[in-house]
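Q: can't give you the sequence, but here's the structure:
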């Protein structure tokens, strides 16, 4: 572990100073690179026989989840445990207001238990921002409404860097329900800061107003999005929720936008196929593509732990 | 009641087209004389050198929350805040609990006003019973109780047929309808302006059309019935265009805006500060520009605060869950000075007019003037004084303002209501 710390300290000038990780909009390129660099060292740890370092021994991480989540919560829990932190999970199906206690009161009560980091997922956009202002503990955003899901984007970027090296000048297309996706927003902020050309592709009604001001191109033509792309990030279509209003049916969506082997044949040979999960097979992409050689979907999941270890480590040891 | 002599002030009185240094003598609750030099002895003498002596400001749109939400504001605290802001007359909206929808409700509140109000308070009645948008209130009975202005503010009158009936009834009784223009089928569950910032923040957007489409309908209905209508809190370019055209056509429409619509854009929402959550929402730079031009061109007649108090507990939640509204009494004049006078959008007489004479005319009250013989409601403004809007020094019961903590410029220094000096050098209390 000392090795990792010195690596971080000597190779990279920037020092982490932020109490919280609320979104990639708020980070500089250097800060993003620091997280990815730190994650690289932690990934090595996860390949060892004993996958645990004492970096956060004596620290406590609380997973405060207002929305159901298995993979993100598990990933954060494992990340914290591999850093030797103690972890508590608080899951509440209903929003704070329905429960009768406000988010800020909940946060302050948790903080009174002398914890160090609150990892929060919430259905209301901006909830982590509001929480972070109210508590002294670090707040890590594990997905808020349609706003951001920074650790998902960081693990996407980490995976891309593993495959492509420098991302400067690369072309990445994000395909699917752009409008309702926090994963998309975080990816846009992060990728554009690293010099990536980002295209978002969706049926017109699922491209939100003004998104091009975030520095991306937009299209509703899947061929345009695939043409020349080094990687595609395929988002989940939430037919059970909002997406249904904008597109008639799963079958039609698959025909118009689904990623199939036929469509991949016309792409760059080594195009990288990503998906934040959980996949709707036969909606966003075919099973063949999901399980095929271009897919890095399971590697994303693996990398998620290293990236979250890096984030927890950096916010816990921030030079405030 | 003692006599008051205000000396050496720059008297700005749009009703008499007066703008210059004059002395004003107040006797028996009325303006006794306005002249270049008055040497008569008075019990109280105010040196208003370098100050602006204005007719008492009139706020045609405020929420005083009584009855029902006395935890947010009361007639007493609300009018204290109004005086601190230089407002000597305040119109309170009927979206209280219960709503102000009957002569009894009006009479009860009038009693409270008589006992506790520090400024003049005029009651606006609800258009529909319980603000439920089903049946019209008994306008003529409420008129007898003293109400000549009606609004379902907080909501628009959604049903066009109901609106037609309301306009007809208002015409018959010579009353004014004040419309909150919002098509709920468009605004839905939105919490801020729809656009780049709502996309970025992931907050649900309210399209500008939710306002302008309703403005369009109401103009058309007012034209058809051939009666007056007043549009509350205009926030966007499209509404301004519609109102401008309607006025050109001779339709009897008037409009107001609020200081936050000419000073803030939706970018203020990007930090999820729930004090920036208002309805209609803060719009974009082009709208702010359009509102300013509309004020200059008199497309928008009046500036009102839409003072909407909410407790810290109500506002201290996720942006989605917080109620709409911000308080405005204590900051409105300062914001208007900085955004309109300093930026040369309006001259002092034009600003004073929008804050006093114009709303008085729209509402048909004898206020907003310094004519000899008129009731003495006067606001003396220090136009240059820098001050910090501190939470602990506020007069309102609530503190939900995005301007809280900010350094502002210019304020009401002394206020006279009905010939009584009720605020002296920023301190409230009857001093004469």
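A: Everything's here; your move. Predicted model, so just to flag it, every value in this text is computed and none were measured.

Q: And what about residue B:286, helix, strand or coil?
A: Here residue B:286 is recorded as helix under DSSP: H, G, I helix; E, B strand; the rest coil.

Q: quick one: contacts for the spatially closest residue to it that is not a sequence neighbour?
A: Closest residue to residue B:286 apart from its sequence neighbours, by CB to CB, 6 or more residues apart in numbering or on different chains: residue B:237 at 5.8 Å. In short, each C-beta sits where N, CA and C put it, glycine included. Contacts here follow CB atoms under 8 Å, 6 or more residues apart in numbering or on different chains; on that basis residue B:237 touches B:208, B:283, B:286, B:287, B:289, B:290.

Q: is it possible to export those to CSV including pLDDT and neighbour count?
A: CSV is the format used below for the contacts of residue B:237 (pLDDT from 0 to 100; neighbours: other CB atoms under 10 Å in any protein chain shown):
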residue, pLDDT, neighbour count
B:208, 98, 22
B:283, 98, 26
B:286, 98, 11
B:287, 98, 24
B:289, 98, 14
B:290, 98, 25
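
Q: Just give me the closest of those to chain A.
A: residue B:208 (11.1 Å; CB to the nearest CB).

Q: and the closest one, what are its phi and psi?
A: Note on residue B:208: backbone dihedrals following degrees, to the nearest 10 are phi -60, psi -30.

Q: My read is that it contacts residue B:286, right?
A: No - here residue B:208 does not reach residue B:286: they are 10.1 Å apart, not a contact under CB atoms under 8 Å.

Q: Of all the residues in the stretch 151-300 of chain A, which one is nearest chain B?
A: Closest point on the stretch 151-300 of chain A to chain B, by CB to the nearest CB, is residue A:210, at 3.1 Å.

Q: hang on, isn't that residue packed against residue B:193?
A: No - the criterion here is CB under 8 Å, and residue A:210 misses it with residue B:193 at 10.6 Å.

Q: where's residue A:268 relative to residue A:220, distance?
A: For residue A:268, the distance to residue A:220 (CB to CB, to the nearest Å) stands at 21 Å.

Q: If you could redo that for residue A:258, that was the one I meant.
A: 15 Å.

Q: swap in residue B:67?
A: 54 Å.

Q: And residue A:73, by the same measure?
A: 34 Å.

Q: So which of the two has more stuff around it?
A: Comparing residue A:73 with residue A:220 by other CB atoms under 10 Å in any protein chain shown, the one with more neighbours is residue A:73, at 19 against 16.

Q: show me what contacts that one?
A: Contact partners of residue A:73, counting by CB under 8 Å, 6+ apart, are A:63, A:65, A:89, A:91, A:121, A:142.

Q: ranking the residues you listed by neighbours, who comes first?
A: Neighbour counts for the contacts of residue A:73 peak at residue A:142, which has 26 neighbours (criterion: other CB under 10 Å).

Q: Surely that one forms part of a strand?
A: Yes - assessed with three-state DSSP, residue A:142 lies in a strand.

Q: pretty sure it is in contact with residue A:65, am I right?
A: Yes - taking CB under 8 Å as the definition, residue A:142 is a contact partner of residue A:65 at 7.2 Å.

Q: Determine the residues that are contacts of both of these two.
A: A:73, A:120, A:121.

Q: circling back to that earlier point, what residues are up against the residue of the stretch 151-300 of chain A closest to chain B?
A: Here residue A:210 is in contact with B:195, B:196, B:197, B:199, B:200 (CB under 8 Å, 6+ apart).

Q: what about 10 Å?
A: For residue A:210, the contacting residues are B:194, B:195, B:196, B:197, B:198, B:199, B:200, B:205, B:284, by CB atoms under 10 Å, 6 or more residues apart in numbering or on different chains.

Q: cool, and residue B:240?
A: B:212, B:215, B:234, B:255, B:257, B:287, B:289-295, B:297, B:299-300.

Q: Find the nearest non-adjacent residue to residue B:324, please.
A: Residue B:324 sits nearest to residue B:279 (CB to CB, 6+ apart), 3.9 Å away.

Q: Residue B:423 too?
A: residue B:415 (4.0 Å).

Q: and the one you found, helix, strand or coil?
A: What three-state DSSP gives for residue B:415 is strand.

Q: Pull up the gap between residue B:363 and residue B:117, please.
A: 17 Å.

Q: Chain A contacts on the stretch 251-400 of chain B?
A: B:269-274, B:284, B:313-314, B:316-322 (CB under 10 Å from any CB of the partner chain).

Q: The closest residue in space to residue B:35 that isn't next to it in sequence: which element?
A: Nearest residue to residue B:35, sequence neighbours excluded (CB to CB, 6+ apart): residue B:23, at 6.0 Å. Using DSSP states H and E, residue B:23 maps to strand B:18-27.

Q: and that strand, how far from the chain's centre?
A: Relative to the chain's own centre, strand B:18-27 is displaced by 26 Å; criterion: CA atoms, centre = their mean, to the nearest Å.

Q: any idea which helix or strand comes after it?
A: Note on strand B:18-27: by DSSP H and E, the next helix or strand toward the C-terminus is strand B:30-35.

Q: which residues make contact with that next one from outside it?
A: For strand B:30-35, the external contacting residues (CB under 10 Å, 6+ apart) are B:1, B:3-6, B:11, B:13, B:16, B:18, B:22-27, B:38, B:40, B:42, B:53, B:55, B:369-378, B:416, B:418-419.

Q: Go ahead and confirm residue A:238 touches residue A:183.
A: No - when contacts are counted by CB atoms under 10 Å, residue A:238 is not listed as touching residue A:183 (11.8 Å).

Q: Common neighbours of those two, please.
A: Counting by CB under 10 Å, 6+ apart, the residues touching both residue A:238 and residue A:183 are A:176, A:177.

Q: Many thanks, have a good one.
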